[in-house]
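> Everything below, folded, please.
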Amino acid sequence: MNRFFGSATILASAMIATVAARAVTPNQDEAEIREVARRQGDTWSRHDAKAYAALFTEDCDVVNVVGWWWKGRA
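Model (predicted):
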């Protein structure tokens with residue numbers, strides 16, 4: 001029984017350390033996603049539809065929070 005709790009404690013500690021490390025040093029993908037999100041917010045706030053649309057690919061699919069489905073950049 002003690003062996004189980006010891007293993008569980010080590011496993012939990014390793015998981016917490018991994019999550020903490022990711023929170024402190026985000027990987028490149030996450031940084032790029034956050035940059036796109038920042039640019040989306042910026043262009044949306046400026047009411048700049050052309051700049052907002054430029055953030056998407058020609059063949060994108062976007063579903064907004066109310067369920068509208070937009071297909072393509074145009």
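> Next, count neighbours for Ile33.
For Ile33, the count of nearby residues is 12 (other Cβ atoms under 10 Å). For glycine as for every other residue, the C-beta is placed from the backbone atoms N, C-alpha and C.
> How about the secondary structure of it?
Classification of Ile33 by DSSP: H, G, I helix; E, B strand; the rest coil places it in helix.
> go on, Glu30?
helix.
> Just the pLDDT for it.
pLDDT, Glu30: 92.
> In terms of helices and strands, where is Thr43?
helix 28-45 (DSSP states H and E).
> Give the other helices and strands that that helix contacts.
helix 49-53 (3 or more Cβ pairs under 8 Å, 6 or more residues apart in numbering; DSSP states H and E).
> ok, and for the helix it packs on, which residues are buried?
For helix 49-53, a neighbour-count test (16 or more other Cβ atoms under 10 Å) marks Tyr52 as buried.
> What lies in contact with it?
Under the contact criterion Cβ atoms under 8 Å, 6 or more residues apart in numbering, helix 49-53 has outside partners Gln40, Thr43, Trp44, Arg73, Ala74.
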